[in-house]
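Q: structure for the following, please:
(chains A, B, C and D)
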There are 2 protein chains.
Amino acid sequence: MKYSLSEENYLKAIYHLEKIAATGVATNAIAEQMETKPSSVTDMVKKLSEKDLVNYIKYQGVTLTEKGRKTALTIIRKHRLWEVFLVDKLNFHWDQVHEIAEQLEHIHSEELISRLDKFLGEPDFDPHGDPIPDKHGNIKRTEKKLLSDLDKNQGGVCVGVKESSAEFLQYLDKKKITIGTKIKVLGKEFFDGSMVILVGKDQSFISKKTAENLYVQTN
Amino acid sequence: MKYSLSEENYLKAIYHLEKIAATGVATNAIAEQMETKPSSVTDMVKKLSEKDLVNYIKYQGVTLTEKGRKTALTIIRKHRLWEVFLVDKLNFHWDQVHEIAEQLEHIHSEELISRLDKFLGEPDFDPHGDPIPDKHGNIKRTEKKLLSDLDKNQGGVCVGVKESSAEFLQYLDKKKITIGTKIKVLGKEFFDGSMVILVGKDQSFISKKTAENLYVQTN
DNA sequence: ACAATATTTTAGTCTTATCTAAAATTTAAT
DNA sequence: ATTAAATTTTAGATAAGACTAAAATATTGT
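A: Predicted structure coming up:
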């Protein structure tokens, strides 16, 4: 099945919101995510429901059906594979690729994605450390922690970011932190949650907010 | 300026039709090319005229303005660069890439195309032998050339013969080559100047002498 | 419990791009 | 030079997706 740009974007948004909200995803939440109005969301959600992509009961929010989840995951797969292409092959910086990938993710061609995947070496993670679903929609789940949850002297490898705004990514760059960077907590200030950490060989000071948006793999 | 998918497709169609029709491009011709109805064309053409992309006088067909031509050429540039990507990097066959490139050509990002161009080695021709406009919309305008002067992978349309003996013309007939036939150079032998060429869908072997007597148009 | 507030849905409108049917204009034929 | 035929335009309708304003339902605070 081929879905419209709008339908695909809604599915993606609902998928991401479903991970956060334990209950059915609220109309208002979708509206905010999509930068549209709640009434528009209601209309679209009805249409997606007709197509068996979401479960929808009036006033009770939305959940993805299996079909909807699979569809969302193929779009996310495409988005992340294109991001790898943009960074690895075209040498874009990791904070420049989101907007372009938002467009590329809607190109319809299974063959294209299959070949792109091979061309890129069948990567498991995108440039922000997010996992790339395989063609069946399976995600390689690795437990990752927020840097803010590490204790003093604990260390790990940066594997992703929670927030991926260009501002934050550029800030991380300035701090010489990127996917794969080794980090160790040298000190943690109790009163404001700020940290002194070791980044490679240099000390760095980061705020609680930063630590709460950086995922590390500890092993 | 950013134009809609539909607007871009109309501009492209008009560009291609303008090369054939000496006069203003007919509404019906556009409708056929776009697989739509003449009345739809009239509507769109009015809109393009408002935006100063085409010159339009009722009942007298359309021509592209300078702005329209430039815009059409950037879309064609994108289309052809993506085709090179699909064939050279993803190993698609040259007859599989058109449909996918039709989608990719509408991705909006100058930076992307600039980097893609570099990544591909700034190619001058697409996999079908069509020339790739540069970022300013300039096409390597090659008026009619001798087939023997073409490089590998370059293509063109047969537009004439240098020698017009019956023998030669009969030979061309046997080779299924006539005015308007599309030809692409698949291989060129250095030592005797002979060529393997694609005539329509079939391969053919021709001598240097033959190639030196065939004019092709490469744009 | 029940009023106040927040959320969600409905109803009706708008825009873009398309269509059909009918009218206007141009081109071709005798 | 008229008429017939083909082309093009207009007028009005439709579908997708979004919006506003108002109505319906849920949630919250006391």
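
Q: surely A:Ser204 meets A:Leu172?
A: No - at 10.5 Å, A:Ser204 and A:Leu172 do not qualify as touching, with contact defined as Cβ atoms under 8 Å. Yep, even glycine has a C-beta here, placed from its N, CA and C like the rest.

Q: contacting residues around the helix of greatest length in chain A?
A: Scanning chain A for the helix with the most residues, using DSSP state H, yields helix A:66-84. Residues from elsewhere that reach helix A:66-84, judged by Cβ atoms under 8 Å, 6 or more residues apart in numbering or on different chains: A:1, A:3, A:8, A:11-12, A:14-15, A:48, A:52-54, A:64, A:94, A:97-98, A:100-102, A:104-107, A:113, A:116-117, A:120, A:123, A:125-128, A:130-135, A:137, A:139.

Q: run the chain-centre distance for that helix.
A: 11 Å (Cα atoms, centre = their mean, to the nearest Å).

Q: got it, and stretch A:20-33?
A: The answer for stretch A:20-33 is 16 Å, by Cα atoms, centre = their mean.

Q: so is that stretch next to DNA strand D?
A: No - Stretch A:20-33 does not reach DNA strand D (Cβ under 7 Å from any atom of the strand); its nearest approach is 7.5 Å.

Q: got the end-to-end distance for that stretch?
A: 13 Å (Cα to Cα, to the nearest Å).

Q: how about stretch A:131-149?
A: 21 Å.

Q: residues in contact with A:Ser40?
A: A:Ala31 are the contacts of A:Ser40 under Cβ under 8 Å, 6+ apart.

Q: helix or strand: which one has it?
A: helix A:38-50 (DSSP states H and E).

Q: okay, now A:His16: neighbour count?
A: Neighbours of A:His16 under the rule other Cβ atoms under 10 Å in any protein chain shown: 13.

Q: for the residue nearest in space to the middle of chain A, give me the pLDDT.
A: Compute the mean C-alpha point of chain A, and by Cα atoms, centre = their mean the closest residue is A:Asp130, 5.6 Å away. Looking at A:Asp130, its pLDDT stands at 83.

Q: next one: A:Val161
A: 89.

Q: what does A:Asn219 give?
A: In this model, A:Asn219 carries a pLDDT of 62.

Q: do you know how far A:Arg141 is from chain B?
A: Distance of A:Arg141 to chain B, computed by Cβ to the nearest Cβ, to the nearest Å: 29 Å.

Q: oh, that last question was meant for A:Lys135, not what I typed.
A: 16 Å.

Q: enumerate every residue touching that residue.
A: Counting by Cβ under 8 Å, 6+ apart, A:Lys135 makes contact with A:74, A:77, A:113-114, A:117.

Q: mind giving me the PyMOL command for buried ones among those?
A: To isolate the buried members of those in PyMOL, using 16 or more other Cβ atoms under 10 Å in any protein chain shown:
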select buried, chain A and resi 74+77+113+117
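
Q: of all the contacts of A:Lys135, which comes closest to DNA strand D?
A: Set against DNA strand D, the nearest of these by Cβ to the nearest atom of the strand is A:Thr74 (17.6 Å).

Q: tell me where chain A has strands.
A: Counting by DSSP state E, one finds strands in chain A at the ranges A:54-56, A:62-64, A:145-146, A:155-161, A:182-188, A:195-199, A:202-206, A:214-217.

Q: need the ones you listed in JSON lines (columns: distance to B:Lys89 and mean neighbour count).
A: Shown next, in JSON lines, are the strands of chain A (distance: least, Cβ to Cβ, whole Å; neighbours: other Cβ atoms under 10 Å in any protein chain shown):
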{"stretch": "strand A:54-56", "distance to B:Lys89": "37", "mean neighbour count": "21"}
{"stretch": "strand A:62-64", "distance to B:Lys89": "34", "mean neighbour count": "22"}
{"stretch": "strand A:145-146", "distance to B:Lys89": "37", "mean neighbour count": "14"}
{"stretch": "strand A:155-161", "distance to B:Lys89": "28", "mean neighbour count": "19"}
{"stretch": "strand A:182-188", "distance to B:Lys89": "33", "mean neighbour count": "17"}
{"stretch": "strand A:195-199", "distance to B:Lys89": "35", "mean neighbour count": "18"}
{"stretch": "strand A:202-206", "distance to B:Lys89": "38", "mean neighbour count": "14"}
{"stretch": "strand A:214-217", "distance to B:Lys89": "31", "mean neighbour count": "22"}
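
Q: nearest to DNA strand C, out of those strands?
A: DNA strand C lies closest to strand A:54-56 among these, at 6.8 Å (Cβ to the nearest atom of the strand).

Q: from the contact counts, what lies against that closest one?
A: helix A:38-50, strand A:62-64 (3 or more Cβ pairs under 8 Å, 6 or more residues apart in numbering or on different chains; DSSP states H and E).

Q: quick one: is the longest one near DNA strand D?
A: The one in question is helix A:38-50. Yes - interface with DNA strand D: helix A:38-50 contributes A:39-40, A:43-44, A:47 (Cβ under 7 Å from any atom of the strand).

Q: what about DNA strand C: which of those residues touch it?
A: Answer for those near DNA strand C (Cβ under 7 Å from any atom of the strand): A:39, A:43.

Q: hmm, stretch A:105-125 in reach of chain B?
A: Yes - shown here: stretch A:105-125 in contact with chain B (Cβ under 8 Å from any Cβ of the partner chain) through A:107-109, A:111-112, A:115-116, A:119.

Q: one step back: mean confidence for the longest helix of chain A?
A: 97.

Q: got the buried residues for it?
A: Under 16+ other Cβ under 10 Å, the buried positions of helix A:66-84 are A:68-69, A:71-84.

Q: farthest pair within these?
A: Farthest pair in those (Cβ to Cβ) is A:Gly68 and A:Val84. Separation: 25.0 Å.

Q: what number of residues lie near A:Gln96?
A: Count around A:Gln96 with other Cβ under 10 Å applied: 18.

Q: and the pLDDT at it?
A: pLDDT, read off for A:Gln96, is 92.

Q: if I look at A:Ile197, how far off is A:Lys176?
A: Separation of A:Ile197 from A:Lys176 (Cβ to Cβ, to the nearest Å): 11 Å.

Q: what's the distance between the residue lying closest to A:Ile183 once chain neighbours are set aside and DNA strand D?
A: Leaving aside its sequence neighbours, A:Ile183 sits nearest to A:Ile197 (Cβ to Cβ, 6 or more residues apart in numbering or on different chains; 5.4 Å). Using Cβ to the nearest atom of the strand, to the nearest Å, A:Ile197 is found at 39 Å from DNA strand D.

Q: equivalent analysis for A:Asn9, please.
A: Per Cβ to the nearest atom of the strand, A:Asn9 is found 7 Å from DNA strand D.
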